[in-house]
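**Q** How does the following fold in three dimensions:
(one chain, ligands or ions: 2)
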Amino acid sequence: MSSGSLSIQPSIAFDWTTCCVCGAIVVIEQNQMHKLRVSGKDFYCPNGHVLAFDPEGSKEKKLERELNATKLRLTTLQQERDYQQREKEKAERKLRRILKNGVCPCCHRSFVNVKFHMEVKHKDYLTKLMQS
Ligand SMILES: [Zn+2]
Ligand SMILES: [Zn+2]
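**A** Numbers count the residues shown, from 1 in each chain. Ligands and ions are numbered 1, 2, ... in the order given. Just a heads-up that it's a prediction; the model follows:
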């Protein structure tokens, strides 16, 4: 019979960061590092400098905030464009209806060529309708 010993090393993951004062590498177990990042609590570099992550001002969070702001701006622009497009279509539909009916929307009379009549008599109205 034979015997021996076997040692199993638990695998531990480490993260590292550098001291912003002296540049020393600070190695900390991953979970601990995560806690430090989230909480912004103080820790020490090997040379005794006090370090801390800035949980709110961290780069990732800042980028995320900027990204969200950009997304919001884009959505607003998109909505604005959609709105303008809808208004334009509405105006076009209205104009088409007027021309089809041959009835002037201002003086409510029928004309053979209502567009010509409007161009002559209600140019402002027509321009406004086309622009809106
Ligand atoms: Zn240091
Ligand atoms: Zn008219």
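**Q** which bits of the protein sit near ligand 1?
**A** Cys19, Val21, Cys22, Ala24, Cys45, Asn47, His49 (CB under 5 Å from the ion). The C-beta positions use only the backbone N, C-alpha and C, and glycine is treated the same way.
**Q** count of residues packed around the last one?
**A** Residues contacting His49 under the criterion other CB atoms under 10 Å number 14.
**Q** mind checking pLDDT for the residue nearest to it when sequence neighbours are not counted?
**A** Leaving aside its chain neighbours, His49 sits nearest to Val21 (4.2 Å; criterion: CB to CB, 6 or more residues apart in numbering). At Val21, the pLDDT value in this model is 91.
**Q** Alpha carbons only: can I get the helix or strand bottoming out on mean pLDDT in the chain in CSV?
**A** Least confident helix or strand, the chain: helix 123-131 with a mean of 86, by mean pLDDT, DSSP states H and E. In CSV, the C-alpha atoms belonging to helix 123-131 read as follows (Å, rounded to 0.1, in the frame of the first residue of the first chain):
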residue,chain,number,x,y,z
LYS,A,123,-50.9,83.1,-50.4
ASP,A,124,-50.1,83.5,-46.7
TYR,A,125,-52.4,80.7,-45.7
LEU,A,126,-51.1,78.4,-48.4
THR,A,127,-47.5,79.2,-47.4
LYS,A,128,-48.2,78.6,-43.8
LEU,A,129,-49.9,75.3,-44.6
MET,A,130,-46.9,74.2,-46.8
GLN,A,131,-44.4,75.2,-44.1
